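Q: model this:
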Amino acid sequence: MKNRIIAVVGMCGAGKSEVVKEFQKAEYERVYFGDVTFDEMKRRGLELNWANEKKVREDLRATGDMGIYAKLSLPKIEKLYNAGKNVVVESMYSWSEYKVLKEKFGDDFYTLAVVSNLKVREARLSVRDVRPMTREDVRDRDYSEIEHIEKGGPIGRADFYILNNFDMDKLRQDTKEIIWYMDSID
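A: Next up is the predicted model:
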């Protein structure tokens, strides 16, 4: 069986992290694009919060290279891929990042979009343990990600979709079916 790379995409609060956990249980190695942001925040001595996270994300992309996160994460992905590992990418956002990985890995690269209704996402994000968000925070983040970081492209071009509005067991089952499919194709 040939190893593969799958990026889990979707808006904040859709359930991407839960899907990634299922891939990890299936022995996919995780590469988190968000580490690029957090590493830069630490380098700058910034407090971990939504405002600083947004600033750093936008600063990195303001270099004019919307594929910067994929390029900075590529060595990790390549190392795992070349070692014969399956890889799950968390927090790939931009169309340019998608194109970097698609160009590099071709038919071994897939995307899975996790989608949820806005009200469901707002409710989830308001009670999460790490960086909870208000309705206004969610709106601002959605607008920022759609308008400034090309987030719609990878969602619109996804190879697989999971609708995740209510039932965590269904989310896990849907993910397991995609993993089974990924493992069965040559």
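Q: where exactly do the helices run in this structure?
A: Using DSSP state H, the helices found in the chain span residues 16-25, 34-44, 50-61, 68-82, 95-105, 118-126, 135-148, 152-156, 168-184.
Q: If I average pLDDT within each of these, which one is lowest?
A: Lowest mean pLDDT within the helices of the chain: helix 50-61, at a mean of 87.
Q: follow-up on the earlier one: tabulate the helices of the chain (JSON lines), appending distance to residue 6 and mean neighbour count.
A: Just so you know, the C-beta spots here come from the backbone N, C-alpha and C atoms, and that holds for glycine as well. Putting those into JSON lines (distance: least, Cβ to Cβ, whole Å; neighbours: other Cβ atoms under 10 Å) gives the following:
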{"stretch": "helix 16-25", "distance to residue 6": "7", "mean neighbour count": "19"}
{"stretch": "helix 34-44", "distance to residue 6": "17", "mean neighbour count": "15"}
{"stretch": "helix 50-61", "distance to residue 6": "22", "mean neighbour count": "16"}
{"stretch": "helix 68-82", "distance to residue 6": "11", "mean neighbour count": "18"}
{"stretch": "helix 95-105", "distance to residue 6": "10", "mean neighbour count": "20"}
{"stretch": "helix 118-126", "distance to residue 6": "22", "mean neighbour count": "16"}
{"stretch": "helix 135-148", "distance to residue 6": "20", "mean neighbour count": "15"}
{"stretch": "helix 152-156", "distance to residue 6": "12", "mean neighbour count": "18"}
{"stretch": "helix 168-184", "distance to residue 6": "7", "mean neighbour count": "15"}
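Q: Could I get those in JSON lines, plus columns for distance to residue 10?
A: Converted to JSON lines, these look like this (distance: least, Cβ to Cβ, whole Å):
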{"stretch": "helix 16-25", "distance to residue 10": "5"}
{"stretch": "helix 34-44", "distance to residue 10": "14"}
{"stretch": "helix 50-61", "distance to residue 10": "16"}
{"stretch": "helix 68-82", "distance to residue 10": "16"}
{"stretch": "helix 95-105", "distance to residue 10": "13"}
{"stretch": "helix 118-126", "distance to residue 10": "9"}
{"stretch": "helix 135-148", "distance to residue 10": "10"}
{"stretch": "helix 152-156", "distance to residue 10": "6"}
{"stretch": "helix 168-184", "distance to residue 10": "12"}
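Q: I'm done for today, thanks for sticking with me.
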